[in-house]
Structures are given as structure tokens and as C-alpha cells.
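Engineer: fold the following for me, if possible:
(chains A and B)
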Amino acid sequence: MSEQFEPNVVAFLCNWCTYAGADLAGTSRMHYEPNVNIIRVMCSGRVNPLFVVNALQQGADSVLVSGCHPGDCHYMEGNYYARRRFTLMKELLDYVGVDPQRFHMSWVSASEGNKWKDVVGEVVKETKEVGSFEQFQRDKINW
Amino acid sequence: MADLEKLITVAKETVSRDDVKHLIGWRQGTYGFRVSPHFITEPEEADKLIFSPLCNSNLVNYLTWVEKLPVPRGQEADTRKVALMVKGCDSRAVVQLLIEQGIKREDVIVIGCPCEGVIDLAKAEEMFPNVLEQVEARWDGEKIVFKLPDGEKAVPREDVLADKCLRCRYPNPVLSDVLLGDEVKTEGNDDYADVDGMEEKTTKERWAFWEEQFSSCIRCYSCRNVCPMCYCEDCILDRLNPTWINRSNNISENTAFHLARAFHLAGRCIECGECERVCPVNIPIMTLNRKLTKEVREKFDYDPGTDPDSKPLQASYLPNDQENFIL
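Structural biologist: Model prediction:
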């Protein structure tokens, strides 16, 4: 392959912590991988696990869901519900044969620009290891 | 074992009550090993009721699949109770509906039938092919006795029972107003061997397996329709805006459908095995559901449909839920 594979990472970020954290990383002029496409949601508890499946169907190579640290949720408990949901969703995706490197979850607070940089680096690195997602992506399946 | 005479007496008494709309039970089907649901409104009809190893369907989804028509002005809504016969596994569906407040406790009369296991239709029909006359069956210790046209045949229960019954942990109803007969001994012990077997494979092998299974799906939605826990009036599969899952039948949409269906039952599936029983293309749906049941049991120590006072798994949380996968 002459061109290096550049993954497409879809990230669902909570408005109050991780989105602000990513913003901080930007305003602090930190360099992080440009492969991440951010979708801002009001809370990690807003992220329906089917968003992950739909993102993979529509061309994402991996998905990241990120919110406030437990106990810091702007809505008091949204991230606790998200944690339960995605614990199960991650197991389910792995069970049907989707590489576990394709789904990540993280807690990044508004002041953790550095952590955001590291998380993105880690996610992009792992996605590059497993390559492009073709199992059930709409445009790549064999009809 | 359930007492048939007691069943008929109880049924007659129940349907004679003024506050009971109807009783739902089983009756002999039209041919072979089939049984039909039996809706009784008059005491005379109770004589047709049966409870035998053939009663493999779960009647609980009739509780939520009632068409709720708008009440005309000047009339009062029908608030009469519904009486329902349940096996051990079906009773967990009733309890889970109570947990989710899908039904009210005072609206149902639960007639519990201690159950020693029901047959797997495919296994029985393979053993006795082309039986067109009605077959009767009864439990007899370690054997199941079938009354076939050419005489009685006793079959060891392991050969003919459904897989879910061989590992059943709840043969006695978890919740019941009337219990027919004595409680039976719990012999099954669920070690999730099928799930473990799948987990041992590599990711590639697992996808190869599920890809083949999901490709054969014809999206008839029988698994959804028969599931006692799938009772949303507005199901995401029927919605057009937003279209969560396209209607085209291909591996992408089929996988999304199966993931969505399995996930919507996470922490709610009571393992009655109806989805797998009705699947026309024999997709091992329970192997998918049971993975989540296993995780729910291991990670959250939760058994759906056992405690009517518990909260739904995904509508509750503990501050110290494990999170070792989170970066």
C-alpha cells in the first residue's frame, strides 16, 4: 500500500466535559490526531448504543464515546447509565465478531486537554492496527 | 407436576368471576405435537384446557398485545382482570413486566404451573415424523410419554426436551396467585456452556459464524413479535423517521437489526427461548441473548424477572459499577 491508511474515528462527546476538554486541547495548541470527527451531545447518557452501530454502518472505522468522570456529570447521573449501557454494548460487539479496538469509551474532564490528546492517540493507533471497517459498513458490503 | 383436575376447577371458578375478562391457557392443537392458545370466557370451555410437555409457547405476550381501542364517550373502559397460565419461565416474563410497569399487578391473575420441561418441536418431529393425528403427552419421572396413533411411546426427557428446559433454573413459577400441583425439584444448572464455547473462538471465527447466521435472516420479525418483552407500541423497526434500520435485507441491516434486538433485551431477557423457537431460518438467537444475560449476571449480579421489587437494570446504576474498559 503506497498510501497509509487513515482511519475515520467518530467521537460522541459530552458538552460539559470532554467537548470542553477537546476545546482546551485546541486552544492550548496541542497537536492531536486529525482523524477524529467530533459529534457534540449534551451528555454521554444521551448516546444511544445504536448510534455506535449506525456509525459503523455509515463509514466509521471506530467509535469513541466520552463523558464526564463518574460523579461529575452535569445532569448528576447520566454517565452512570451510559457506563452500564456501553459495558454491555462493548461485550455484544465483541461477541458478534467486531474487533474490540473499534469501540472505546473514556472519561475526560474539561481541564484534561492532555488526557484528550492521549485518548485520541490511543484510539487512532488501535484503529490503525485493525484497519478499515468492512464487516457491515453499508458501502462496502457485498450485496 | 400440574394437576389437570385442579386446573379445570380453578379455571371454571376464575372465568365465572365478574371481574375476570378471560382466561388464557393451552388446548390441543390441530395436528401432531402442536398446541394452541385457548381463550376462555365461559366455564364450559375450560374442559379443553391442557397442561402437558407440549405446551411450549409463552402466553405472556397476550397481556401486552391487547389492542387498546379508544373508549367511546359515555362508556367505561374494560378494566377486568385477565387470568393467565404460566410455566416457570413465563412467570419471569410477568415479573419483568411488573418491574417495568408494563402491566399492573391487580390486572392479572397468574395461574402457576410447575413445569418439568417442555418439548422442542423439532426434536419431537424428527423422532416421530409425519404424525398428523393429535398427540397427547405427559411427564413420567425421567421419561416423557407420548400417546401416538400407534400406541404409547416413552422417551427419555434429555432426548426430546428443549435445551432451555435442560438447564432451567426456575421450573416453579416465581410469582403466582394459584399454584397447580406441587412444586417440582430444580435440577438444571446453567453454566452458559454455549456462550463460553463461542467466546473461546477468535474474533474472525465469531464473525464468520454470525455473518452466516445473519445473512440467512429474512427479517420476518417473528422473534420480535413473539417476545413477551418486546411490547413497545412504536418499535424502532417500524419507524421511518428516523430510520434506525433500513428495510433492505443485507448483511449490514441484518446485523444492525440483530444487535438492536439483542441490546433492547439486555438485562430484560428472561430466557423463555420463544425467539429461537419461532425463527423460520433457525438462527441461534438465544446464543446472542444469553451472552448479555451472562454479562448482566456476572457484572451486575442481576437476574431479570425474579424480584418484582427490583429496578430495571438499565434504568438504575451503582456508583461502583466496574469500568475497567474505560480509558
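
Engineer: OK, contacts around the residue in chain A that chain B sits nearest to?
Structural biologist: Using C-beta to the nearest C-beta, the closest approach of chain A to chain B is made by A:G97 at 2.6 Å. In short, each C-beta sits where N, CA and C put it, glycine included. Shown in contact with A:G97 (C-beta atoms under 8 Å, 6 or more residues apart in numbering or on different chains): A:135, B:203-211.

Engineer: helices of chain A, start to end?
Structural biologist: Secondary structure of chain A, counting by DSSP state H: helices at A:18-27, A:49-57, A:78-95, A:113-130.

Engineer: residue closest to the middle of the chain?
Structural biologist: Going with chain A. Nearest to the geometric centre of chain A sits A:L64, at 0.8 Å (C-alpha atoms, centre = their mean).

Engineer: not quite, I wanted chain B
Structural biologist: What sits nearest the mean C-alpha location of chain B, by C-alpha atoms, centre = their mean, is B:C272, with 3.5 Å.

Engineer: the contacts of A:G97 into CSV, with extra columns for pLDDT?
Structural biologist: Below are those laid out as CSV (pLDDT from 0 to 100):
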residue, pLDDT
A:Q135, 89
B:T203, 92
B:K204, 92
B:E205, 93
B:R206, 94
B:W207, 93
B:A208, 93
B:F209, 94
B:W210, 94
B:E211, 92
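
Engineer: which non-adjacent residue is nearest residue 95?
Structural biologist: By default, I'm working from chain A. Of all residues beyond its chain neighbours, the one nearest A:Y95 is B:K291 (4.8 Å), with distances taken as C-beta to C-beta, 6 or more residues apart in numbering or on different chains.

Engineer: not quite, I wanted chain B
Structural biologist: Leaving aside its chain neighbours, B:V95 sits nearest to B:G305 (4.4 Å; criterion: C-beta to C-beta, 6+ apart).

Engineer: what's the answer for A:S44, then?
Structural biologist: A:G67 is the one closest to A:S44 (C-beta to C-beta, 6+ apart), at 2.8 Å.

Engineer: before we move on, what about B:I283?
Structural biologist: B:Q213 (4.9 Å).

Engineer: can I get the CA coordinates of the helix or strand where B:L97 lies in PDB?
Structural biologist: Here B:L97, judged by DSSP states H and E, is contained in helix B:88-99. Provided in PDB are the C-alpha atoms of helix B:88-99 (Å, rounded to 0.1, in the frame of the first residue of the first chain):
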ATOM      1  CA  GLY B  88     -41.800 -21.200  35.400                       C
ATOM      2  CA  CYS B  89     -40.000 -19.300  32.600                       C
ATOM      3  CA  ASP B  90     -43.200 -17.500  31.600                       C
ATOM      4  CA  SER B  91     -43.700 -16.300  35.200                       C
ATOM      5  CA  ARG B  92     -40.400 -14.500  34.900                       C
ATOM      6  CA  ALA B  93     -41.800 -12.600  32.000                       C
ATOM      7  CA  VAL B  94     -44.800 -11.500  34.100                       C
ATOM      8  CA  VAL B  95     -42.400 -10.300  36.900                       C
ATOM      9  CA  GLN B  96     -40.300  -8.400  34.400                       C
ATOM     10  CA  LEU B  97     -43.400  -6.700  33.000                       C
ATOM     11  CA  LEU B  98     -44.300  -5.700  36.600                       C
ATOM     12  CA  ILE B  99     -40.700  -4.400  37.200                       C
END
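
Engineer: remind me what the helix or strand sitting right after that helix along the chain packs against, helices and strands.
Structural biologist: Using DSSP H and E, the next helix or strand after helix B:88-99 towards the C-terminus is strand B:108-112. Using 3 or more C-beta pairs under 8 Å, 6 or more residues apart in numbering or on different chains; DSSP states H and E as the contact test, the elements touching strand B:108-112 are helix B:4-16, strand B:20-28, strand B:81-86, helix B:88-99, strand B:178-179.

Engineer: before we move on, the earlier item: pretty sure the residue nearest to B:I283 sits against B:T255.
Structural biologist: No - the pair B:Q213 and B:T255 fails to qualify as a contact (C-beta atoms under 8 Å) at a distance of 9.9 Å.

Engineer: neighbour count winner among the two?
Structural biologist: Taking neighbours as other C-beta atoms under 10 Å in any protein chain shown, B:Q213 and B:T255 compare with B:T255 leading, 27 against 21.

Engineer: how near is the residue nearest to that one when sequence neighbours are not counted to B:F300?
Structural biologist: Using C-beta to C-beta, 6+ apart and skipping the chain neighbours, the partner closest in space to B:T255 is A:F136 (4.3 Å). Distance of A:F136 to B:F300, computed by C-beta to C-beta, to the nearest Å: 28 Å.

Engineer: could you do B:L54 as well?
Structural biologist: Remark: distance between B:L54 and B:F300 (C-beta to C-beta) = 36 Å.

Engineer: which stretches of the stretch 51-200 of chain B form helices?
Structural biologist: B:61-64, B:88-99, B:121-127, B:157-160, B:163-166, B:193-200 (DSSP state H, counting those that start in this stretch).

Engineer: pick the most buried one from these.
Structural biologist: Burial of the helices of the stretch 51-200 of chain B is given as mean neighbour count (mean count of other C-beta atoms under 10 Å in any protein chain shown); helix B:88-99 ranks first at a mean of 25.

Engineer: so what's residue 25 up against?
Structural biologist: All of this is about chain A. Counting by C-beta under 8 Å, 6+ apart, A:A25 makes contact with A:32, A:113-114, A:116-117.

Engineer: try again with chain B
Structural biologist: When contacts are counted by C-beta under 8 Å, 6+ apart, B:G25 touches B:7, B:11, B:37-38, B:40, B:49-51, B:59, B:84-85, B:111.

Engineer: which of the residues you listed are buried?
Structural biologist: B:7, B:11, B:38, B:40, B:49-51, B:59, B:84-85, B:111 (16 or more other C-beta atoms under 10 Å in any protein chain shown).

Engineer: done for today, thanks.
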